[in-house]
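Student: Sequence below, structure please.
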Amino acid sequence: MTTSERAPKTQDENGSGKAAGAAPVLVWFRRDFRLFDHPALHAAMATGRPVIGVFLYDETVEDLGAAARWRMGLGLAEFARSVASIGGRVILRRGAARDEIARLVDETGASAVYWTRLYDPASVARDTAIKSMLIEREIEAKSFNGHVIFEPWDVETGQGGPYRVYSPFWKSVRGRDVAPCLAAPATWPAPDQWPSSDDLDDWRMGQAMRRGASVVANFTRVGEPAARARLGDFLASQAESYKTDRDFPDKIATSGLSENLTYGEISAREIWHAGWAAMERAGFAGEGSEGVEHFVKELVWREFAWHLLYHYPELATKCWKPDWENFAWLQENKAAEAWRRGRTGEPFVDAAMREMFVTGTMHNRARMICASYLTKHLLTDWRIGRAWFDDCLTDWDAASNAMGWQWVAGCGPDASPYFRVFNPSGQAEKFDKSGAYRDRFIAEGRSRPHEDALAYFEAIPVSWGMSPKDRYPAPIIALDHGRQRALEALKGMKKAE
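Tutor: This is a model prediction of the structure:
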């Protein structure tokens, strides 16, 4: 790569560094906490030089929400143990990324810095500046694909430019050849002397989680071995029925890999290959194959989101459809706060919001219902919901979260029409008919609440003053009235146009 994070191949192929010698290679880890199928690490090992792994608590980590930063800390600790098991170390430094990379180059005499590309605007700006700095200093700077399967500039429409609709994007990549996964290193070529490192505990990456960390920890599966086991278990037992069961939040029907993917504890490429191999074993026909293919399509939906965020960097902050900036969104309001606390009086919505606080994740069907309720029944700006999810999700993904919120709100790419208003009661009847999901996360009014429902009150801030003995609230707004109000707001915007 040259100074741009979408650059010609010449720099990646030829570099601009000094003579290799015994000068070490720095591998800068960010969201790629794995040894298997790690292109940047594999390339560093292939140089035959000493390798120094680095993680920086930089400006992008500082900006993470409470749950995401805490979960990143857990993943980093587990990854550091894996690296140590083969003779390596992950050096920890805190500060501006450009300054710390320059300092490490000076301290170690490194002649090269390798990393895995990221595609959000903050990372692109940071990495481009660092690459320029390194090249000016005649330090080899290489970035590698590893966070997505296909580079955002390699998937284009027939007319050129990125896809804006998912279905043709899927058709475009479905039949593509994907390079095989790369083996994990068996040993780590260590330098003669390791640079100094911060202590991870001193960073207190879970501080903002406060007492909620001990609750959410019960639902995390951290690290590369756990991620690969999850994939194997899913393909062996849940994948066959994934397409039919994935919308039912009380069923164990999904892979749970979103938290591992976001920190790179498993590569999207490994999942892609495993999925196609499972379909091949099923003969590419029948319900079993359809379930796996649908799972792979969801993986590609993540891919689509990252491509869009790369090409449209304001996806997380501005309406994709510019006219929707004129929509009568409400900003902060009491109803939005009740939504955040799981006190809307709509049991399906409240159960989902509490699931997120207890487990750090939320079932995908429930995410759509919660987002629709906030943006349509409560007419609240989608960015308020996006920000809350940013803070509470351990599987937070910048691209998927932004696109998901805009999709439901009706203002995003390939969006659900705004007049499609999810009815939480109807959705509960269809996807939680027994009430098992709602009973699992709502304690008020239950004589014997589920342990996860009680755990919610152990995780939330004391300042909320909530108790499982409270009376369950009446609905904030009648569902039919909320829907009608949303449609009237849409008509008002169209009339104004």
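
Student: what's near enough to touch the residue nearest the centre of the chain?
Tutor: With distances taken as Cα atoms, centre = their mean, residue 397 lies nearest the centre of the chain, 2.2 Å away. Going by Cβ atoms under 8 Å, 6 or more residues apart in numbering, residue 397 touches 258, 261-262, 302, 305. The C-beta positions use only the backbone N, C-alpha and C, and glycine is treated the same way.

Student: try 7 Å this time
Tutor: 262, 302 (Cβ atoms under 7 Å, 6 or more residues apart in numbering).

Student: For it, give its distance to residue 187.
Tutor: 33 Å (Cβ to Cβ, to the nearest Å).

Student: what do you get for residue 441?
Tutor: Counting by Cβ to Cβ - residue 441 and residue 187 are separated by 47 Å.

Student: which of the two has more neighbours?
Tutor: Neighbour count, other Cβ atoms under 10 Å: between residue 441 and residue 187, residue 441 has more, with 28 against 9.

Student: Let me see the domain layout of the protein.
Tutor: With domains defined by automatic domain parsing, the chain comprises 10-147, 148-177+224-311, 322-496.

Student: among those domains, which is nearest residue 192?
Tutor: Within the domains of the chain, the stretch nearest residue 192 is domain 10-147; the backing value is 7.5 Å (Cβ to Cβ).

Student: which element is the closest residue in space to residue 276 that isn't next to it in sequence on?
Tutor: Leaving out its chain neighbours, the residue that sits closest to residue 276 by Cβ to Cβ, 6 or more residues apart in numbering is residue 296, at 7.0 Å. Taking DSSP states H and E as the criterion, residue 296 maps to helix 286-311.

Student: Tell me the helices and strands packed up against that helix.
Tutor: Judged by 3 or more Cβ pairs under 7 Å, 6 or more residues apart in numbering; DSSP states H and E, helix 286-311 is in contact with helix 166-174, helix 242-245, helix 268-281, helix 398-409.

Student: Touching, residue 344 and residue 352? I think so.
Tutor: No - between residue 344 and residue 352 there is no contact under Cβ atoms under 7 Å: 10.2 Å.

Student: show me where pLDDT drops low in the protein?
Tutor: Low-confidence segments of the chain (pLDDT under 70): 1-21, 283-288, 497.

Student: can you give me the strands in it?
Tutor: In the chain, the strands defined using DSSP state E lie at 25-29, 51-57, 90-94, 112-116, 140-144.

Student: And the second one, what does it pack against?
Tutor: Secondary-structure packing of strand 51-57 (3+ Cβ pairs under 7 Å, 6+ apart): strand 25-29, strand 90-94, helix 97-108.

Student: returning to what we had before: for the strands of the chain, give me a markdown table that also has distance to residue 236 and mean neighbour count.
Tutor: Supplementary listing: those in a markdown table, determined by distance: least, Cβ to Cβ, whole Å; neighbours: other Cβ atoms under 10 Å:
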| stretch | distance to residue 236 | mean neighbour count |
| --- | --- | --- |
| strand 25-29 | 30 | 25 |
| strand 51-57 | 33 | 23 |
| strand 90-94 | 32 | 19 |
| strand 112-116 | 29 | 24 |
| strand 140-144 | 31 | 23 |
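
Student: between the ones you listed, which one is nearest to residue 309?
Tutor: Minimum separation from residue 309 across those (Cβ to Cβ) falls at strand 112-116, 16.1 Å.

Student: which helices and strands does the closest one pack with?
Tutor: On a contact count with 3+ Cβ pairs under 7 Å, 6+ apart, strand 112-116 meets strand 25-29, helix 39-46, strand 140-144.

Student: go with 8 Å
Tutor: strand 25-29, helix 39-46, helix 121-136, strand 140-144 (3 or more Cβ pairs under 8 Å, 6 or more residues apart in numbering; DSSP states H and E).

Student: so which of the ones you listed gets nearest residue 402?
Tutor: helix 121-136 (11.0 Å).

Student: Mind listing what's buried along the closest one?
Tutor: By neighbour count on 16 or more other Cβ atoms under 10 Å, the buried set for helix 121-136 is 121, 123-124, 126-128, 130-131, 133-135.

Student: between that helix and helix 398-409, how many degrees?
Tutor: Per axes from the mean of the first three to the mean of the last three Cα atoms, to 10 degrees, the angle that helix 121-136 makes with helix 398-409 is 150 degrees.

Student: tell me the angle of helix 121-136 relative to helix 97-108?
Tutor: Using the same axes, to 10 degrees: helix 121-136 against helix 97-108 is 40 degrees.

Student: what's helix 121-136 packed up against?
Tutor: helix 59-62, helix 97-108, strand 112-116, strand 140-144.

Student: mind running it again at 10 Å?
Tutor: strand 25-29, helix 59-62, helix 97-108, strand 112-116, strand 140-144, helix 286-311, helix 398-409 (3 or more Cβ pairs under 10 Å, 6 or more residues apart in numbering; DSSP states H and E).

Student: Kindly export that helix (C-alpha atoms) in PDB.
Tutor: Written as PDB, here are the backbone C-alpha positions of helix 121-136 (Å, rounded to 0.1, in the frame of the first residue of the first chain):
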ATOM      1  CA  PRO A 121     -13.300   6.600   8.600                       C
ATOM      2  CA  ALA A 122     -11.400   7.100  11.900                       C
ATOM      3  CA  SER A 123      -9.200   4.100  11.200                       C
ATOM      4  CA  VAL A 124      -8.600   5.000   7.600                       C
ATOM      5  CA  ALA A 125      -7.500   8.500   8.500                       C
ATOM      6  CA  ARG A 126      -5.200   7.300  11.300                       C
ATOM      7  CA  ASP A 127      -3.600   4.500   9.200                       C
ATOM      8  CA  THR A 128      -3.100   6.800   6.200                       C
ATOM      9  CA  ALA A 129      -1.300   9.300   8.300                       C
ATOM     10  CA  ILE A 130       0.900   6.600   9.900                       C
ATOM     11  CA  LYS A 131       1.700   5.000   6.600                       C
ATOM     12  CA  SER A 132       2.900   8.400   5.300                       C
ATOM     13  CA  MET A 133       5.000   8.900   8.300                       C
ATOM     14  CA  LEU A 134       6.700   5.500   8.000                       C
ATOM     15  CA  ILE A 135       7.400   5.900   4.300                       C
ATOM     16  CA  GLU A 136       9.000   9.300   4.900                       C
END
